[in-house]
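Student: sequence below, structure please.
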Amino acid sequence: MNDGDLVRVQCSHQINVLLMDDSNYQAFKRGGRFTYYGGFYERFPANITVPHSGYWNVVLALPPGHRANIRYSINVIR
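Tutor: Purely as a prediction, here's the structure:
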């Protein structure tokens, strides 16, 4: 994605929407420390601006202990 692109997420449930570069995504998967853009969203759409060009990962994560069948869409607006 490119600097200034907008990631727009629609979701059927309140959820964490996390935008991470590859190194932070790997740390997230390992359970380590990581940084991200976004956060917990109760209302949608969630709009996150890409801070700089590069490879980015969008993660939708329910709060710990929660389970749900979610419906979602992710669009990148250039």
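Student: how much space between residue 52 and residue 19?
Tutor: According to CB to CB, to the nearest Å, residue 52 stands 11 Å off from residue 19. In short, each C-beta sits where N, CA and C put it, glycine included.
Student: what ranges does the chain have for its helices?
Tutor: Under the criterion DSSP state H, the chain contains helices at 22-30.
Student: thinking again about what came up before, the more surrounded of residue 52 and residue 19?
Tutor: Between residue 52 and residue 19, residue 19 has the larger neighbour count (other CB atoms under 10 Å), namely 22 against 10.
Student: how far away is that one from residue 67?
Tutor: From residue 19 to residue 67 the distance is 23 Å (CB to CB).
Student: then residue 27?
Tutor: Taking CB to CB as the measure, residue 27 falls 24 Å from residue 67.
Student: who's in contact with the residue most central in space within the chain?
Tutor: Ranked by distance to the mean C-alpha position of the chain (CA atoms, centre = their mean), the top residue is residue 18 at 2.7 Å. By CB atoms under 8 Å, 6 or more residues apart in numbering, residue 18 lies in contact with 28, 36, 37, 38, 39, 58, 59, 60, 61.
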